[in-house]
Structures are given as C-alpha cells and as structure tokens.
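J.: Could you work out the structure for the sequence below:
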Amino acid sequence: MVSAHDGHVVPSPLAVTRPAKTSDTHWALGLLMVIIAVAGITGIVIAVSMGLTNLALAIGIVGCAFFARAWC
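T.: A predicted model of the protein is given here:
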C-alpha cells in the first residue's frame, strides 16, 4: 500500500501574517505610567520636605510594588 507523500514529512503552508499596527492604546498606557511615576516621586519629595519620612517610605514601597506588578 502506498502512503501519502511516500513517508516524507511535508511542511504545511504558512499563513500570511499582517504587520502589527501602532495603537494609540500603547501610548495612552505609557503616558499613564509616566504620570503615576511622576506623581509618586513628587509625593515622596513633598513628604520628605515636610519631615514625614514614614509617609515617604510608604509611598515609595507602594509605588515600587505597583511598578513591579505592572512591568512583570
């Protein structure tokens, strides 16, 4: 009995893919991340300048946790 392709492995044809489009969503999310980072740094600076080092540490820890979660 003759098998299909005489036992050879024949690659299947690949589908043509479309190039990725640049989306405005990526720019909006990037801008939001920058705004959150600037707000966090500003909060830390203001808290330290007022002598509230515990608050500055809390803002820093929460900010680092947010960005660690957002980027991973």
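J.: Can you give the distance from the helix ranked longest in the chain to the centre of its chain?
T.: Looking across the chain with DSSP state H, the single longest helix is helix 24-49. Taking Cα atoms, centre = their mean, to the nearest Å, one finds the center of helix 24-49 at 15 Å from the center of the full chain.
J.: List of residues touching whichever helix or strand comes after that helix?
T.: Next in sequence after helix 24-49, counting helices and strands by DSSP states H and E, comes helix 53-71. For helix 53-71, contacts defined as Cβ atoms under 8 Å, 6 or more residues apart in numbering pick out 33, 36-37, 40, 43-44, 47-48. In short, each C-beta sits where N, CA and C put it, glycine included.
J.: show me where pLDDT drops low in this structure?
T.: Flagging of the chain using pLDDT under 70 yields the residue ranges 1-7, 18-25.
J.: Kindly recompute the last result at 50.
T.: Counting by pLDDT under 50, the chain has low-confidence residues at 1.
J.: Spatially central residue in it, please.
T.: Nearest residue to the geometric centre of the chain (Cα atoms, centre = their mean): W71, 4.3 Å.
J.: how close does that one sit to S12?
T.: For W71, the distance to S12 equals 37 Å [Cβ to Cβ, to the nearest Å].
J.: burial count for T53?
T.: 11 (other Cβ atoms under 10 Å).
J.: Equivalent analysis for G30, please.
T.: If you count neighbours by other Cβ under 10 Å, G30 ends up with 10.
J.: cool, G40 as well?
T.: G40 has 17 neighbours, counted by other Cβ under 10 Å.
J.: ok, now which ones touch it?
T.: G40 sits in contact with 59-60, 62-63, 66, where contact means Cβ under 8 Å, 6+ apart.
J.: can we see that at 10 Å?
T.: By Cβ atoms under 10 Å, 6 or more residues apart in numbering, the contact set of G40 is 59-60, 62-64, 66-67.
J.: Okay, it and V9: tell me how far apart.
T.: On the measure of Cβ to Cβ, G40 and V9 end up 55 Å apart.
J.: Check A65 too.
T.: 50 Å.
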